[in-house]
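>>> mind looking at a prediction? Sequence and model below.
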Amino acid sequence: MKILVVVEHFPALSETFVLDQVKKLISRGHDVTVYAVGRPSGSVQHEDFAKLNLLSLTRYSRPIPRSKQTRILGALSIGYRLFSLYGLSSIFAFNFMRHGRSALNLKVLYSCANLIDEMTDFDVIHCHFGDKGVLAQTWLDIGLLTGRLSVVFHAHELCNLDVRSGAKKYSCLFRSNALLLPVSRRWKNLLESWGADETRVRVHHMGVSLLSFPFRQRERSKGDAVRILTVGRLTEQKGFSYSIEAVHGLMAETSIPVRYDIIGEGDLLEELKARIRDYGREGTIRLLGGMTREQVKAELYASDIFLLPSVKGKNGLQEGIPVALMEAMATGLPVVSTRHSGIPELIEHELSGLLAAEKDAADLLGKIRRLLNDPDLAREFAQKGREKVQREFSTESLIADLEATFLEEESLKNLGISR
C-alpha cells in the first residue's frame, strides 16, 4: 500500500511511537511517505532517522515567513495556484470555523503548498493527533490528495473540550468516512459521546517493540544504591514536582543510597531545578535532559524502579497511555504511576504495578517504599508487567492489526462500500 503519515514534527524525540510505526510499515513492504507540518526541535534526534535515511521519505510544510509582507505575498501565490487548479473547493484552506487560528495565521494554506506539486494519490492517509486529521480532511476536501483517512487520537487534543466544542472541532471527521483510532477506551467513549459513529471508532494502542526491549529481571544486593528513573517531557501533566517530593522523602527516611534520574526536556526545567536545589538534592536527584533511545534503554536496564506520576494539568491537559511506561515494563522494571487517564488500562493495580492517587507525593512514597521492602513483590510485578505489554501493547502485533485494518478499508473502498 501507498501510505502517507501526517504528523506535527518528525522525528520528535518524545514521540517514538510515530517513528516505530513508520519503520514497521516500511519493513512490511509498504511505500511510506511522512508529511510533517514542522521540523523537530531540540538538540537530540533518534539514531534510526539517519540510519534508515528517513529524511528521504519525509516532506515538510513550507515554512511561514516571519515578514508580514513576505507571508502575505506567499499566501497570495499559493492561494492563486490552489484556485486555478481546484476552483472553489480551495476555500476550505481559509475555513476559520474549522481550523480557527491555523486558518487565520495562514498555517493551513502554507501546508497545502508542497502538496500541490509533490503528492496526490495514496491508499491510506494516516494521521497522528486529531488536528492533523482535520488538516488532512481539508486536503481531501480541496482535492489535493486521495486516500482513506485514519486518525490516531492520543489525549491532549481531546481533554480540553466539552461535548459541544468537541463535536464542532471534529465534525468534519465525524461526517466523513474517516477511521478514528483513539489510543485508549477512555478516549473512544469520549469520541462516541461527541457524535462519532461507533462503527468508525476503534481503540488502537501505541506500543513498544519487544525485540528492542528484552526482559531482564533486576537483582539488587542488600546495601546497593537504589536507582529510580523517570522518562518524559518536563511538563505539568507529567507531575514531576510530586515525584521529586516523594523521592526526597524517601532519601530522608532511609540509610540506603538513593539516586533519582529524570530524562527529558521541557518548559519546567528551571522550576524543577529550583525545587531540587531547595531540597538540597542536586547530586542525587538529577535532570539529565534529552537522550537518544539507545541512551534511554541503557538507563532503563541500569535502574530498579520506574516512576511516572502523571496528573491532570491546570490547563486540563492529560496523558494518553505513556509509551515510556510500556518500555519500562517491557524491560522488567517494576513501575509506580498514578490513576490517571488511560494508565490503568496498562498498569493493573496490584497485578502489574502500583498506582497512586494524582498529586499525592505521600502516596507515591508509600508505593515506592512497598516495592523496596518487598523484593519478591517487585519481581512479580515486573514479570506481570512484561506479560501485559506482550499481550496488548506489542508494536509487532499492533502494526499487524493496523495493516489488516488498512487492507480491510481498501477492500471496502474497492467494493464501493462506505461505513
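That came through fine. Numbering: from 1, shown residues only.

>>> list the residue ranges of the stretch 51-200 of the chain that fall below the pLDDT cut-off.
Counting by pLDDT under 70, the stretch 51-200 of the chain has low-confidence residues at 119.

>>> okay, strands next: where are they in it?
58-60, 121-128, 146-153, 179-182 (DSSP state E, counting those that start in this stretch).

>>> who does the shortest one pair up with?
Translated: strand 58-60. According to DSSP bridges, strand 58-60 forms sheet pairs with strand 31-38 (parallel).

>>> quick one: the closest residue to residue 153 other than its chain neighbours from residue 221, how far?
The shortest distance from residue 153 to any non-neighbouring residue, by CB to CB, 6 or more residues apart in numbering, is to residue 182 (4.4 Å). The way it works is simple: take the backbone N, C-alpha and C, and place the C-beta from them, glycine included. As judged by CB to CB, to the nearest Å, residue 182 and residue 221 stand 44 Å apart.

>>> cool, and residue 63?
For residue 63, the distance to residue 221 - CB to CB - is 55 Å.

>>> which one of those two has more residues nearby?
residue 63 (11 against 5; other CB atoms under 10 Å).

>>> how many residues are close by the residue nearest to residue 153?
Neighbour number of residue 182 under other CB under 10 Å is 27.

>>> I'd like the distance between it and residue 337.
20 Å.

>>> what segments of the stretch 251-400 of the chain are helices?
269-279, 293-301, 323-331, 343-346, 361-373, 375-392, 395-414 (DSSP state H, counting those that start in this stretch).

>>> just the CA atoms of the fifth one, as PDB, please.
As requested, C-alpha coordinates have been extracted for helix 361-373 and formatted as PDB (Å, rounded to 0.1, in the frame of the first residue of the first chain):
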ATOM      1  CA  ALA A 361       3.600  12.700  47.000                       C
ATOM      2  CA  ALA A 362       2.900  10.800  50.200                       C
ATOM      3  CA  ASP A 363       1.000   8.100  48.300                       C
ATOM      4  CA  LEU A 364       3.800   7.800  45.700                       C
ATOM      5  CA  LEU A 365       6.400   7.500  48.500                       C
ATOM      6  CA  GLY A 366       4.300   4.700  50.100                       C
ATOM      7  CA  LYS A 367       4.200   2.800  46.800                       C
ATOM      8  CA  ILE A 368       8.000   3.100  46.300                       C
ATOM      9  CA  ARG A 369       8.700   2.100  49.800                       C
ATOM     10  CA  ARG A 370       6.500  -1.000  49.400                       C
ATOM     11  CA  LEU A 371       8.500  -2.200  46.300                       C
ATOM     12  CA  LEU A 372      11.800  -1.700  48.200                       C
ATOM     13  CA  ASN A 373      10.600  -3.500  51.300                       C
END
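
>>> check which helices and strands it sits against.
helix 240-253, strand 305-307, strand 335-338, strand 354-356, helix 375-392 (3 or more CB pairs under 8 Å, 6 or more residues apart in numbering; DSSP states H and E).

>>> mind redoing it with 6 Å?
helix 240-253, strand 354-356 (3 or more CB pairs under 6 Å, 6 or more residues apart in numbering; DSSP states H and E).

>>> for the first one, which positions count as buried?
Residues of helix 240-253 classed as buried: 240, 241, 242, 243, 244, 245, 246, 247, 248, 249, 250, 251 (neighbour count, 16 or more other CB atoms under 10 Å).

>>> how far away is the residue lying closest to the last one once chain neighbours are set aside from residue 280?
The one in question is residue 251. Nearest non-adjacent residue to residue 251, counting by CB to CB, 6+ apart: residue 258, 5.0 Å away. Look at residue 258 and residue 280: by CB to CB, they are 14 Å apart.

>>> which of those two has more neighbours?
Using other CB under 10 Å, the more surrounded residue of residue 258 and residue 280 is residue 258, with 23 against 11.

>>> ok, residue 342 - contacts?
With contact set as CB atoms under 6 Å, 6 or more residues apart in numbering, residue 342 has these partners: 184, 186, 320, 321.

>>> swap in residue 226?
256, 258, 304.

>>> which member of those residues is positioned nearest residue 75?
Distance to residue 75 across the contacts of residue 226 (CB to CB) is lowest for residue 304, with 55.0 Å.

>>> on the pLDDT front, check that closest one for me.
Residue 304 carries a pLDDT score of 98 in this model.

>>> count the neighbours of it for me.
When neighbours are counted by other CB under 10 Å, residue 304 comes out with 21.
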